[in-house]
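Novice: Sequence and predicted structure below; questions after.
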Amino acid sequence: WPCRSPSRHPSPAPCGRSGHRCRPAGQISRIEVAEALGISAGSVTTLSSELIRDGFVREGPLASVTTSRGRPPVALSIRPDRGHVVGIKLAEAVHTAVLVDFAGTPVSEARLTTDPLTRSLSGMLDAAQALFIAVAEEAGIAPTDIAAVGMGLPGIVDHGTGAWVWSPLLPDRDTQLRDMAAQRFGCPVQIDNDVNVLTLAELWYGAGRAQQDFAVVTIEHGVGMG
């Protein structure tokens, strides 16, 4: 289901790409999906039927078109109630978290100021868990109902193994942060360098959606680029 960056992950299945086209558009017709992906309208019908059957996508009248005759145009849209995920950013001064629905709409946010003098791996996991619980409570969602967590953090991160290899935030090296966090949260966790995560966000939701290629530069405690 998730659409991945081609440079970092295997190409997604057509079914996943069909869903990915729906999310940023809000509503999109099958013809528009076919044109965007370069596949036949019949293929889109088959793939979208799978997504509708599995509860990821729903059909409805195309809001931008009104007609007084015949059947109204039908659009595809993501079902926002299909699940919720949490994104957490660990940083030098302030850790932040956001909970979003399946359509990618923010539902709740939280932030936590950190003390660099008392920072430790266990303390950072405590802070991340506190943010996880805070955004769930604010949204009125049980933590056990959250489908997954994504964490962005500075330093060298091995996305594949889930290891935090090196970071300016901690003296620890080669920590299995993904597995440790998954035990705390009770759900699947993915971790990556914070600039990589920001770049993927721009690719899927921001300025990068209409670009063939682009760069993201961040200036915080240091300078990063994706």
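Specialist: Sure, I can see it.

Novice: and the lengthiest helix in the chain, which residues are buried?
Specialist: Across the chain, the longest stretch assigned as helix under DSSP state H is helix 121-139. Using 16 or more other Cβ atoms under 10 Å as the test for burial, helix 121-139 gives Leu121, Met124, Leu125, Ala127, Ala128, Leu131, Phe132, Ala134, Val135, Ala136, Ala139. Quick note: C-beta positions are derived from backbone N, CA and C, even for glycine.

Novice: for these, which one is nearest Ile146?
Specialist: Ile146 lies nearest to Ala136 out of the buried residues of helix 121-139, by Cβ to Cβ, at 6.2 Å.

Novice: Please name the spatially closest residue to that closest one (chain neighbours excluded).
Specialist: Pro143 (4.6 Å; Cβ to Cβ, 6 or more residues apart in numbering).

Novice: How about Val57?
Specialist: Leu51 (3.9 Å).

Novice: Tell me how far that neighbour lies from Arg58.
Specialist: Using Cβ to Cβ, to the nearest Å, Leu51 is found at 9 Å from Arg58.

Novice: For these two, indicate the residue with more neighbours.
Specialist: Of the pair Leu51 and Arg58, Leu51 is the one with more neighbours under other Cβ atoms under 10 Å, namely 20 against 16.

Novice: Now the residue nearest to Val57: which helix or strand?
Specialist: helix 41-53 (DSSP states H and E).

Novice: residue contacts, Ala103?
Specialist: Arg23, Gly26, Ser77, Ile78, Arg79, Pro80 (Cβ atoms under 8 Å, 6 or more residues apart in numbering).

Novice: one more time with 10 Å, if that's ok
Specialist: Cys22, Arg23, Pro24, Gly26, Ser77, Ile78, Arg79, Pro80, Asp81, Arg82 (Cβ atoms under 10 Å, 6 or more residues apart in numbering).

Novice: so how far is Thr161 from Ala134?
Specialist: 29 Å.

Novice: Kindly report the same for Val44.
Specialist: Applying Cβ to Cβ to Val44 and Thr161 gives a distance of 36 Å.

Novice: and these two? which has more neighbours close in?
Specialist: Val44 (23 against 12).

Novice: least trustworthy helix or strand in the chain by mean pLDDT?
Specialist: helix 14-25 (a mean of 60; mean pLDDT, DSSP states H and E).

Novice: So Ala110 versus Ala139, what's the distance?
Specialist: From Ala110 to Ala139 the distance is 10 Å (Cβ to Cβ).

Novice: Pull up the overlap in contacts between those two.
Specialist: Joint contacts of Ala110 and Ala139 (Cβ under 10 Å, 6+ apart) are Val86, Leu99.
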